[in-house]
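A.B. asks: Please find the sequence and the predicted model below.
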Amino acid sequence: MPIAQAMCTSFKSDILLGVHDFRAASGDTFKIALYTSTADLNANTTAYAATNEVTGTNYTAGGNTLTKSGVSSVITSSTLGVGFTTFSDTTWTNATITARGALIYNNTPSANNAANVLVANASVCVLDFGSDKTSTAGDFTILFPSPATNVNAIIRIGSTT
Amino acid sequence: MFDVLSGAVGDVRVMSTSGRGFTPEELAEPALDKIIFVGSQLHPAIRDQAEAFRENIRQVLVQSMHQAIRSHNVTLVNKFTKLGHPELIPILDA
(Lines give C-alpha, C1' and ligand atoms only; values in the text may rest on other atoms or scores of the structure.)
Protein backbone atom coordinates (compact mmCIF):
# COMPACT_ATOMS: atom_id res chain seq x y z
CA MET A 1 0.00 0.00 0.00
CA PRO A 2 1.56 3.31 -1.05
CA ILE A 3 0.23 5.31 1.90
CA ALA A 4 0.07 3.47 5.21
CA GLN A 5 -1.15 5.36 8.26
CA ALA A 6 1.50 5.20 10.98
CA MET A 7 3.49 7.06 13.55
CA CYS A 8 6.91 7.43 11.96
CA THR A 9 9.60 5.34 13.61
CA SER A 10 12.12 8.17 13.36
CA PHE A 11 9.64 10.34 15.30
CA LYS A 12 9.67 7.86 18.19
CA SER A 13 13.43 8.08 18.53
CA ASP A 14 13.38 11.83 17.88
CA ILE A 15 11.12 12.27 20.92
CA LEU A 16 13.80 10.70 23.12
CA LEU A 17 16.39 12.98 21.57
CA GLY A 18 14.44 16.17 22.22
CA VAL A 19 13.85 16.99 18.57
CA HIS A 20 10.18 17.96 18.85
CA ASP A 21 8.41 20.58 20.96
CA PHE A 22 4.61 20.46 20.84
CA ARG A 23 3.96 23.27 23.35
CA ALA A 24 1.12 25.43 22.08
CA ALA A 25 2.68 28.88 22.42
CA SER A 26 6.42 28.37 22.25
CA GLY A 27 6.84 25.04 20.50
CA ASP A 28 7.98 24.11 17.02
CA THR A 29 6.13 24.80 13.76
CA PHE A 30 4.33 21.73 12.51
CA LYS A 31 2.90 21.47 9.00
CA ILE A 32 0.68 19.09 7.09
CA ALA A 33 1.33 18.26 3.45
CA LEU A 34 -1.10 16.44 1.16
CA TYR A 35 -0.12 13.58 -1.15
CA THR A 36 -1.58 11.72 -4.10
CA SER A 37 -2.35 8.02 -4.10
CA THR A 38 0.96 7.31 -5.82
CA ALA A 39 3.00 8.54 -2.85
CA ASP A 40 5.00 6.04 -0.82
CA LEU A 41 4.52 7.06 2.82
CA ASN A 42 4.67 4.81 5.87
CA ALA A 43 6.38 4.35 9.24
CA ASN A 44 9.75 4.49 7.51
CA THR A 45 9.20 8.04 6.24
CA THR A 46 11.76 10.25 7.96
CA ALA A 47 11.14 13.71 6.50
CA TYR A 48 8.92 15.78 4.25
CA ALA A 49 9.60 15.51 0.52
CA ALA A 50 7.78 17.03 -2.39
CA THR A 51 7.69 13.80 -4.38
CA ASN A 52 4.07 12.93 -5.24
CA GLU A 53 2.83 15.88 -3.20
CA VAL A 54 -0.50 17.31 -4.31
CA THR A 55 -0.47 20.13 -6.83
CA GLY A 56 -3.41 22.32 -7.67
CA THR A 57 -5.09 25.68 -7.34
CA ASN A 58 -4.50 27.32 -3.95
CA TYR A 59 -2.26 24.52 -2.68
CA THR A 60 1.30 25.55 -1.86
CA ALA A 61 4.08 22.96 -1.70
CA GLY A 62 4.80 22.08 1.92
CA GLY A 63 1.18 22.32 2.93
CA ASN A 64 -0.52 24.23 5.73
CA THR A 65 0.93 25.26 9.07
CA LEU A 66 -0.94 23.60 11.91
CA THR A 67 -2.18 25.30 15.07
CA LYS A 68 -1.01 23.28 18.07
CA SER A 69 -3.19 22.59 21.09
CA GLY A 70 -0.40 21.75 23.52
CA VAL A 71 0.27 18.50 25.32
CA SER A 72 -2.06 16.72 27.73
CA SER A 73 -1.82 13.50 29.70
CA VAL A 74 -4.21 11.05 31.31
CA ILE A 75 -3.24 8.59 34.02
CA THR A 76 -5.34 5.47 33.60
CA SER A 77 -3.87 3.34 36.41
CA SER A 78 -0.91 3.17 38.73
CA THR A 79 1.17 1.76 35.86
CA LEU A 80 -0.47 3.11 32.71
CA GLY A 81 -1.10 6.45 31.13
CA VAL A 82 -1.09 8.36 27.87
CA GLY A 83 0.42 11.64 26.73
CA PHE A 84 -1.25 13.16 23.73
CA THR A 85 -1.55 16.20 21.52
CA THR A 86 -3.67 17.43 18.66
CA PHE A 87 -4.11 20.32 16.25
CA SER A 88 -6.89 22.62 15.10
CA ASP A 89 -8.73 21.73 11.91
CA THR A 90 -7.08 23.11 8.79
CA THR A 91 -8.60 24.19 5.45
CA TRP A 92 -7.39 24.87 1.94
CA THR A 93 -9.82 27.48 0.69
CA ASN A 94 -11.13 27.66 -2.88
CA ALA A 95 -8.82 24.83 -3.79
CA THR A 96 -8.84 22.36 -6.65
CA ILE A 97 -6.96 19.35 -5.34
CA THR A 98 -7.17 15.59 -4.90
CA ALA A 99 -5.38 13.89 -2.02
CA ARG A 100 -5.21 10.35 -0.68
CA GLY A 101 -3.20 11.06 2.46
CA ALA A 102 -1.02 13.46 4.37
CA LEU A 103 2.22 13.80 6.27
CA ILE A 104 2.54 15.82 9.47
CA TYR A 105 6.07 17.05 9.93
CA ASN A 106 8.14 19.44 12.03
CA ASN A 107 9.22 22.48 10.04
CA THR A 108 11.51 23.73 12.83
CA PRO A 109 12.95 20.69 14.61
CA SER A 110 15.78 20.88 17.09
CA ALA A 111 19.05 19.19 16.28
CA ASN A 112 19.32 15.50 16.99
CA ASN A 113 21.97 15.88 19.69
CA ALA A 114 22.95 12.22 19.83
CA ALA A 115 23.90 12.16 16.18
CA ASN A 116 24.64 15.90 16.14
CA VAL A 117 22.58 16.33 13.02
CA LEU A 118 19.52 18.33 12.13
CA VAL A 119 16.94 16.46 10.10
CA ALA A 120 15.10 19.19 8.24
CA ASN A 121 11.32 18.81 8.19
CA ALA A 122 11.42 15.72 10.39
CA SER A 123 8.35 13.53 9.95
CA VAL A 124 5.80 12.90 12.70
CA CYS A 125 3.08 10.69 11.27
CA VAL A 126 1.43 9.56 8.07
CA LEU A 127 -2.34 9.87 7.58
CA ASP A 128 -4.33 7.71 5.17
CA PHE A 129 -7.68 9.17 4.12
CA GLY A 130 -8.90 5.73 2.96
CA SER A 131 -9.75 7.00 -0.51
CA ASP A 132 -9.07 9.97 -2.75
CA LYS A 133 -10.63 13.18 -1.43
CA THR A 134 -11.29 15.99 -3.89
CA SER A 135 -12.29 19.62 -3.81
CA THR A 136 -13.00 21.48 -7.05
CA ALA A 137 -12.98 25.27 -6.66
CA GLY A 138 -14.10 24.55 -3.10
CA ASP A 139 -12.88 24.01 0.42
CA PHE A 140 -10.75 21.06 1.55
CA THR A 141 -10.80 20.61 5.32
CA ILE A 142 -9.02 18.13 7.54
CA LEU A 143 -10.87 17.54 10.81
CA PHE A 144 -8.77 16.27 13.68
CA PRO A 145 -10.37 14.02 16.31
CA SER A 146 -12.60 16.08 18.57
CA PRO A 147 -12.71 16.22 21.45
CA ALA A 148 -9.13 14.93 21.55
CA THR A 149 -8.70 12.37 24.33
CA ASN A 150 -6.21 9.75 25.45
CA VAL A 151 -7.94 7.22 23.18
CA ASN A 152 -8.47 9.17 19.95
CA ALA A 153 -6.03 12.10 19.75
CA ILE A 154 -4.02 12.40 16.58
CA ILE A 155 -0.72 11.70 18.38
CA ARG A 156 -0.68 9.47 21.45
CA ILE A 157 2.26 8.12 23.40
CA GLY A 158 1.63 5.35 25.91
CA SER A 159 -1.07 2.80 26.50
CA THR A 160 -4.34 2.46 28.38
CA THR A 161 -4.21 -1.33 28.57
CA MET B 1 12.68 -1.13 31.70
CA PHE B 2 9.77 1.04 30.61
CA ASP B 3 7.83 0.40 27.44
CA VAL B 4 6.37 3.87 27.18
CA LEU B 5 6.73 4.49 23.49
CA SER B 6 3.65 2.68 22.34
CA GLY B 7 2.63 5.34 19.86
CA ALA B 8 -0.69 5.60 18.12
CA VAL B 9 -2.14 7.87 15.45
CA GLY B 10 -5.74 8.99 15.50
CA ASP B 11 -8.02 9.13 12.49
CA VAL B 12 -8.80 12.38 10.72
CA ARG B 13 -11.87 13.15 8.64
CA VAL B 14 -11.85 15.11 5.39
CA MET B 15 -14.64 17.44 4.31
CA SER B 16 -14.58 18.93 0.84
CA THR B 17 -16.81 20.82 -1.55
CA SER B 18 -16.94 21.53 -5.26
CA GLY B 19 -17.88 24.86 -6.76
CA ARG B 20 -18.82 26.40 -3.41
CA GLY B 21 -17.76 26.75 0.21
CA PHE B 22 -19.23 24.95 3.20
CA THR B 23 -22.81 25.68 4.23
CA PRO B 24 -23.70 26.59 7.84
CA GLU B 25 -25.33 23.19 8.19
CA GLU B 26 -22.14 21.44 7.09
CA LEU B 27 -19.96 23.55 9.39
CA ALA B 28 -22.25 23.04 12.36
CA GLU B 29 -21.51 19.33 12.65
CA PRO B 30 -17.75 19.51 13.39
CA ALA B 31 -18.37 22.58 15.55
CA LEU B 32 -20.86 20.58 17.59
CA ASP B 33 -18.29 17.84 18.08
CA LYS B 34 -16.00 20.40 19.67
CA ILE B 35 -18.71 21.86 21.91
CA ILE B 36 -20.45 18.76 23.24
CA PHE B 37 -19.67 15.04 23.18
CA VAL B 38 -22.44 12.60 24.05
CA GLY B 39 -20.89 9.36 25.26
CA SER B 40 -22.47 6.07 24.30
CA GLN B 41 -22.19 4.80 27.88
CA LEU B 42 -24.38 7.52 29.36
CA HIS B 43 -27.56 6.64 31.23
CA PRO B 44 -30.41 6.82 28.68
CA ALA B 45 -32.17 9.65 30.51
CA ILE B 46 -29.02 11.75 30.64
CA ARG B 47 -28.15 10.87 27.06
CA ASP B 48 -31.57 12.03 25.87
CA GLN B 49 -31.08 15.36 27.65
CA ALA B 50 -27.57 15.73 26.23
CA GLU B 51 -28.73 14.98 22.70
CA ALA B 52 -31.60 17.47 23.03
CA PHE B 53 -29.11 20.07 24.26
CA ARG B 54 -26.83 19.24 21.34
CA GLU B 55 -29.71 19.73 18.90
CA ASN B 56 -30.52 23.11 20.44
CA ILE B 57 -26.91 24.18 20.06
CA ARG B 58 -26.96 23.00 16.44
CA GLN B 59 -29.93 25.25 15.68
CA VAL B 60 -28.26 28.22 17.39
CA LEU B 61 -25.05 27.65 15.42
CA VAL B 62 -26.81 27.31 12.07
CA GLN B 63 -29.01 30.36 12.64
CA SER B 64 -26.06 32.44 13.82
CA MET B 65 -23.91 31.45 10.85
CA HIS B 66 -26.73 32.27 8.43
CA GLN B 67 -27.11 35.65 10.14
CA ALA B 68 -23.35 36.22 9.91
CA ILE B 69 -23.49 35.53 6.16
CA ARG B 70 -26.39 37.94 5.70
CA SER B 71 -24.59 40.55 7.76
CA HIS B 72 -21.37 40.09 5.78
CA ASN B 73 -23.34 40.44 2.56
CA VAL B 74 -24.59 43.84 3.79
CA THR B 75 -20.96 44.84 4.27
CA LEU B 76 -20.15 43.65 0.73
CA VAL B 77 -23.14 45.54 -0.70
CA ASN B 78 -21.75 48.74 0.81
CA LYS B 79 -18.25 48.02 -0.49
CA PHE B 80 -19.52 47.27 -4.02
CA THR B 81 -21.58 50.46 -3.96
CA LYS B 82 -18.68 52.62 -2.73
CA LEU B 83 -16.41 51.15 -5.41
CA GLY B 84 -18.97 51.90 -8.12
CA HIS B 85 -19.98 48.32 -8.87
CA PRO B 86 -23.62 47.99 -7.80
CA GLU B 87 -24.12 45.51 -10.62
CA LEU B 88 -22.29 42.94 -8.49
CA ILE B 89 -24.84 43.11 -5.68
CA PRO B 90 -27.32 40.60 -7.20
CA ILE B 91 -24.74 37.82 -7.18
CA LEU B 92 -24.78 37.86 -3.38
CA ASP B 93 -28.28 36.41 -3.43
CA ALA B 94 -27.49 33.86 -6.13
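C.D. replies: Yes, it's here. Numbers count the residues shown, from 1 in each chain, chains lettered A, B, ... in the order given.

A.B. asks: which SS class is whichever residue of chain A sits closest to chain B?
C.D. replies: Nearest residue of chain A to chain B (CB to the nearest CB) works out as A:Gly138 at 3.4 Å. In short, each C-beta sits where N, CA and C put it, glycine included. Here A:Gly138 is strand, with the state taken from DSSP: H, G, I helix; E, B strand; the rest coil.

A.B. asks: what about the residue lying closest to it once chain neighbours are set aside, distance to B:Asp93?
C.D. replies: Nearest non-adjacent residue to A:Gly138, counting by CB to CB, 6 or more residues apart in numbering or on different chains: B:Thr17, 3.4 Å away. Separation of B:Thr17 from B:Asp93 (CB to CB, to the nearest Å): 20 Å.

A.B. asks: Start and end of stretch A:76-83, how far apart?
C.D. replies: End-to-end distance for stretch A:76-83, by CA to CA, to the nearest Å: 11 Å.

A.B. asks: does any bit of it sit next to chain B?
C.D. replies: No: if you take CB under 8 Å from any CB of the partner chain as the test, stretch A:76-83 misses chain B, and the best it gets is 8.6 Å.

A.B. asks: What residues of that stretch count as buried?
C.D. replies: By neighbour count with 16 or more other CB atoms under 10 Å in any protein chain shown, stretch A:76-83 contains the buried residues A:Gly81, A:Val82, A:Gly83.

A.B. asks: and what of stretch B:56-70?
C.D. replies: Applying 16+ other CB under 10 Å to stretch B:56-70 flags B:Arg58, B:Leu61, B:Val62, B:Met65 as buried.

A.B. asks: Check whether the host helix or strand of the last one comes near chain A.
C.D. replies: Read it as B:Met65. Per DSSP states H and E, B:Met65 falls inside helix B:44-82. No: under the criterion of CB under 8 Å from any CB, helix B:44-82 makes no contact with chain A; the nearest approach is 13.2 Å.

A.B. asks: follow-up on the earlier one: more neighbours, B:Thr17 and B:Asp93?
C.D. replies: Taking other CB atoms under 10 Å in any protein chain shown, B:Thr17 and B:Asp93 do not tie; B:Thr17 has more neighbours (19 against 6).

A.B. asks: quick one: that one and A:Ile97 touch, right?
C.D. replies: No: counting by CB atoms under 8 Å, B:Thr17 stays clear of A:Ile97, with 11.9 Å between them.

A.B. asks: Quickly list what's touching both of these two.
C.D. replies: By CB atoms under 8 Å, 6 or more residues apart in numbering or on different chains, B:Thr17 and A:Ile97 have these common neighbours: A:Ser135.

A.B. asks: Please name the residues that touch the one residue sitting closest to the centre of chain A.
C.D. replies: When CA atoms, centre = their mean is applied to chain A, the residue found nearest the centroid is A:Ile104 (2.3 Å). Applying CB under 8 Å, 6+ apart, we find A:Ile104 in contact with A:Phe30, A:Lys31, A:Ile32, A:Leu66, A:Phe87, A:Ser123, A:Val124, A:Cys125, A:Leu127, A:Ile154, A:Ile155.
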